[in-house]
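Enquirer: Sharing a model prediction with you, sequence too.
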Amino acid sequence: MPTLTIPSPLGALTIEERGDAIVAVHWGRAPKEAPTPLLQEAARQLGEYFAGARRDFDLPLNPGGSPLEQAVWAAMARIPYGQTRSYGEIASEVGDTPQSVGSACGSNPIPVIIPCHRVLAAEGKLGGYSGAGGTKTKTTLLVLEGALLV
């Protein structure tokens, strides 16, 4: 499976491609490989995002997951840049519980691009974050987007 590791304000991120689609973004490094055009494009778009020059990603994505996870990830992908939704709001949208939404957020294989960081707990509380750095990383992403002031 082709991968490309890039630097970011969150540390090294490794983008993974399978079947002409992005299937994962991992924290950390992978062995160096020759990048594919899709991985190079994903790296370019992530670089623009972290530089504050991109609000939306235009990449083919194929996160593997259950039908509920797919529905939650699709709902998260519709949250506009700089905005947030609660676990409860997403749960209402997909017809399940906030706990199930939290579980799906935690298993999101393509963080940042599928913006699970934009999902907050009740009453605007931060909630958790499964990526490296936990809530510190979530806060960094929300501050970058102007959705959270520190």
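Expert: Good, I have the coordinates.

Enquirer: now the residue positioned nearest the centre of the chain, which residues is it bridged with?
Expert: Nearest to the geometric centre of the chain sits Pro111, at 2.2 Å (C-alpha atoms, centre = their mean). Bridge pairing for Pro111 (DSSP bridges) gives the partners Ile114.

Enquirer: Give the full set of residues in contact with it.
Expert: By C-beta atoms under 8 Å, 6 or more residues apart in numbering, the contact set of Pro111 is Val25, His117, Ser130, Gly131. Where C-beta positions appear, they are placed from N, C-alpha and C, glycine not excepted.

Enquirer: Among those, which one lies nearest to Val143?
Expert: His117 (10.4 Å; C-beta to C-beta).

Enquirer: per-residue pLDDT, the residue of the chain positioned farthest from its centre?
Expert: Computed with C-alpha atoms, centre = their mean, the residue of the chain farthest from its C-alpha average is Ala34, at 24.0 Å. pLDDT for Ala34: 88.

Enquirer: Surely it forms part of a strand?
Expert: No: checked against DSSP: H, G, I helix; E, B strand; the rest coil, Ala34 lies outside a strand; its state is coil.

Enquirer: If you rank the contacts of Pro111 by neighbours, which is first?
Expert: Note: the member of those with the most neighbours is His117, at 28 neighbours, neighbours being other C-beta atoms under 10 Å.

Enquirer: which SS state does the closest residue to that residue other than its chain neighbours fall under?
Expert: Nearest residue to His117, sequence neighbours excluded (C-beta to C-beta, 6 or more residues apart in numbering): Leu141, at 4.2 Å. Three-state assignment for Leu141 (three-state DSSP): helix.
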